[in-house]
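Visitor: I would like to see how this sequence folds:
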Amino acid sequence: METILEWMNSVNDRQDLLPLWKERPIVIFIQEEEKMVPLTVNSNEIKIDHDYEFHRQVHIEGNPQNIKKMLEGKVKLTDLHPHVVHVKGKLRDLLYVESLFFLAK
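Guide: From the prediction side, this is the model:
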């Protein structure tokens, strides 16, 4: 959870990243062990939001070490083996989220 919060705050602090995103809100559900965090991403901010109503969703489940590597842009979301990190969503949305992780590093 701490890694997710640090990543979220670092992206929100950057003035150059989120304004480049098209107005295409998405919810990233990150599951670490027993804890699930819904991150809402839009062109203004990333926030933990339990009142999400977006159709675009990406689900990511894995252990904290692999989630950290992914958030740091060290590994591609689409290259991860399903036994390491389980990812679910439309390919378009997965690539969208993967690019955010990569550019935020």
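Visitor: and the gap between the residue of the chain most remote from its centre and Asn63?
Guide: Using CA atoms, centre = their mean, the residue of the chain lying farthest from its centre is His83. It sits 18.6 Å away. Separation of His83 from Asn63 (CB to CB, to the nearest Å) stands at 11 Å. C-beta coordinates here come from the backbone N, C-alpha and C atoms, glycine included.
Visitor: next one: Arg56
Guide: Taking CB to CB, one finds Arg56 at 25 Å from Asn63.
Visitor: what bridges to Ile48?
Guide: Beta-bridge pairing of Ile48, defined through DSSP bridges, involves Leu39.
Visitor: in this structure it contacts Val41, no?
Guide: No: using CB atoms under 8 Å, Ile48 is not in contact with Val41, being 11.1 Å away.
Visitor: between those two, which one's more packed in?
Guide: Neighbour tally, Ile48 and Val41, criterion other CB atoms under 10 Å: the higher count belongs to Val41, 24 against 12.
Visitor: that one reaches Leu17, doesn't it?
Guide: No: under the criterion of CB under 8 Å, Val41 is not in contact with Leu17, lying 10.5 Å apart.
Visitor: what touches both of these two?
Guide: Overlap of the contact sets of Val41 and Leu17 (by CB atoms under 8 Å, 6 or more residues apart in numbering) consists of Leu100.
Visitor: the residue farthest from the centre of the chain should be in a strand, yeah?
Guide: No: applying DSSP: H, G, I helix; E, B strand; the rest coil, one finds His83 to be coil, outside a strand.
Visitor: can you tell me how far it is from Ile28?
Guide: As judged by CB to CB, His83 and Ile28 stand 21 Å apart.
Visitor: now Gly89
Guide: As for Gly89, its distance to Ile28 is 9 Å (criterion: CB to CB).
Visitor: between Arg56 and Asn63, who's got more neighbours?
Guide: Of the pair Arg56 and Asn63, Arg56 is the one with more neighbours under other CB under 10 Å, namely 16 against 11.
Visitor: got a pLDDT number for Met36?
Guide: Met36 is assigned a pLDDT of 92 by the prediction.
Visitor: sec struct for it, please.
Guide: Following three-state DSSP, Met36 is assigned to strand.
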